[in-house]
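> what follows is a predicted structure for the sequence shown.
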Amino acid sequence: MIISKTPVRISFAGGSTDIIDYYQKEYGAVTSTTINKYVFITVNKNFGNKIRISYPKTEIVDNVEEIQHPIFRETLKMMNIDGGIEITSTGDIPGGTGLGSSSTFTVGLLNALYAFKGKYVDAETLAREACKVEIDILKKPIGKQDQYASAYGGLNHMRFNADETVLVEPIALTRETKEKLDKNLLLFYVGEKRKSYSILNELKKNIEDYRIYLDVLRNLAEKVAYALKRNDLSSFGKLLHEGWIYKKKIQTSNENTDRYYEKAMKAGAMGGKVPGALNAKGGGFLILYCEEKYQQRVRETLGLKEIGFHLEQEGGKIIYV
């Protein structure tokens, strides 16, 4: 039996500049961190020669081509596995909520399947091959930040180059700053899972119309990274708010999320964002940066379910063989 454990991420700035339609002309950049919420993949030998996968549905098939779940199917095909295997997927966070759980799942599945075959692969290989499955093979209209964030883990500034290379630069914080950042980041569940593909497809079709705003978001990712390197959390919070304003210029605004955000700011939060693609339903999570003295007032004002978490320094790994 093999078990992989892969963290999801929260991005602070630069989202949407990691899609090829943007970075093929000019580089993209994202600053993000992984958190201690995970996707777990369990792989075991099947007594027979069938393939059994469970994800919340269960599929039992005779060969890989019969698998309905596209990521399971294409990943098993890429790994040349066509029977005699049982795979189960579970996660701490529901899918479709903006924390990159789909790409985290792909990274974790690849890691577990490589271990099942007795091979170790590094973070770069896991991230690159996860992108190949999702973007090249399945043609998902997504970027690369989630795959690289979950594979590498930690607090990073990532640069996406036109030649398809990705530079992952870890951001080192003092212990005091790290503890303060950990305490001052709040995560609230707004509700309603949502698919971001229609939003991202629209963005890709009209990339030149949005490029001026995407340039700002990319530059914000660099400013956020610089503020963190200087251990300047006050500037970090203000930059999150600046990113909120500009992100709304390229994505569908919604009264639900806007209302919660405005309430949080009036209650003392310094800034925040909705991770992933924002949609009219306002689903997913709301991330806020708020100093400790205002946090209880923000909680009471919002009245939303809070998800406690901590920053995670490690990326995807095998935790049981």
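Thanks, I have it.
> where does pLDDT dip in the stretch 101-250 of the chain?
192-199 (pLDDT under 70).
> just checking, what packs against the longest strand along the chain?
With secondary structure taken from DSSP state E, the chain has its longest strand at strand 28-45. For strand 28-45, the elements it packs on are strand 2-13, strand 85-91, helix 101-116, helix 145-152, strand 155-160, helix 207-229, strand 311-312, judged by 3 or more Cβ pairs under 8 Å, 6 or more residues apart in numbering; DSSP states H and E. The way it works is simple: take the backbone N, C-alpha and C, and place the C-beta from them, glycine included.
> next up, the contacts around residue 54.
Residue 54 makes contact with 87-89, according to Cβ atoms under 8 Å, 6 or more residues apart in numbering.
> out of the helices and strands packed on strand 28-45, deepest packed?
For those, the largest average neighbour count (mean count of other Cβ atoms under 10 Å) is found in helix 145-152, namely a mean of 30.
> that one versus helix 207-229: what angle between them?
30 degrees (axes from the mean of the first three to the mean of the last three Cα atoms, to 10 degrees).
> excluding chain neighbours, what is closest to residue 126?
Leaving out its chain neighbours, the residue that sits closest to residue 126 by Cβ to Cβ, 6 or more residues apart in numbering is residue 151, at 4.3 Å.
> isn't the one you found right up against residue 317?
No. Contact status for residue 151 versus residue 317: not in contact, 10.0 Å apart, counting by Cβ atoms under 8 Å.
> looking at the helices and strands packed on strand 28-45, which is nearest to residue 273?
Taking Cβ to Cβ, strand 2-13 is the member of those nearest to residue 273, at 7.2 Å.
> now do the shared contacts for residue 151 and residue 317.
residue 6.
> could you pull out the strands for the stretch 201-321 of the chain?
Ranges of strands in the stretch 201-321 of the chain, per DSSP state E, counting those that start in this stretch, are 271-273, 284-289, 305-306, 311-312, 317-320.
> distance from the chain centre to the second one, please.
If you compare the mean C-alpha spot of strand 284-289 with that of the full chain, they lie 13 Å apart, counting by Cα atoms, centre = their mean, to the nearest Å.
> counting contacts, what elements does that strand pack onto?
Applying 3+ Cβ pairs under 8 Å, 6+ apart, we find strand 284-289 packed against strand 185-191, helix 233-247, helix 255-267, strand 271-273.
> who does that strand pair up with?
strand 185-191 (antiparallel), strand 271-273 (antiparallel) (DSSP bridges).
> which positions in it come out as buried?
Buried positions in strand 284-289, judged by neighbour count with 16 or more other Cβ atoms under 10 Å: 284-289.
> quick revisit: ranking the strands paired with strand 284-289 by burial, who's on top?
Among the strands paired with strand 284-289, strand 271-273 has the highest mean neighbour count (mean count of other Cβ under 10 Å), at a mean of 24.
> run the chain-centre distance for that strand.
Taking Cα atoms, centre = their mean, one finds strand 271-273 lying 16 Å from the centre of the chain it belongs to.
> ditto for stretch 90-104
Averaging C-alpha positions (Cα atoms, centre = their mean) puts stretch 90-104 8 Å from its chain's average.
> could you shift the numbering so residue one becomes 356, and keep it that way?
All right, first residue 356 from here; so that's stretch 445-459.
> what about that stretch, start to end distance?
Stretch 445-459 has an end-to-end distance of 11 Å (criterion: Cα to Cα, to the nearest Å).
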